[in-house]
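S.K.: Dropping the sequence and predicted coords here.
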Amino acid sequence: MMHTLKPTGIALIFVWALEQPSNSSLFRHKLEYPSENRQDVLVPWRKKEKGESIETSYRYYHLFAKGELESLFTDFGEIIESGYDRDNWYIIVKKL
């Protein structure tokens, strides 16, 4: 991702947080876990026609734990800001 930025370019990245409360929109779905790692989930994606669900597919998500997102960018850029907002972790990073 950082290779697409120009030198000194800035990126804002949001990812789903593992620490979401159990009443969040993520947990309203029947999740499937493709591995023992509870951070990897398959979330149902329902295709609808005329308001009725006709097909369900699954999309993969990795739920990030606190500090995990920052650890991915420490070697590639300067972390300007990071935090938690609405069940997501975010980071603002500047390419070195």
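M.R.: Thanks, I have it. All values derive from a computational prediction rather than experimental measurement. Numbering: from 1, shown residues only.

S.K.: how many neighbours does residue 93 have?
M.R.: Counted by other CB atoms under 10 Å, the residues lying close to residue 93 total 25. Glycine gets a C-beta too; all of them are placed from N, C-alpha and C.

S.K.: what does residue 61 give?
M.R.: A total of 15 residues lie near residue 61 under the criterion other CB under 10 Å.

S.K.: Same question for residue 15.
M.R.: Residue 15 has 16 nearby residues by other CB under 10 Å.

S.K.: Tell me who's in contact with the nearest residue to residue 65 once chain neighbours are set aside.
M.R.: Closest residue to residue 65 apart from its sequence neighbours, by CB to CB, 6 or more residues apart in numbering: residue 18 at 4.7 Å. Residues counted as contacts of residue 18 (CB atoms under 8 Å, 6 or more residues apart in numbering) are 38-39, 63-66.

S.K.: Below-threshold pLDDT in this protein: ranges please.
M.R.: The chain contains no residues with pLDDT under 70.

S.K.: ranges for the strands of it?
M.R.: For the chain, strands defined by DSSP state E occupy the ranges 10-16, 40-49, 52-62, 77-85, 88-95.
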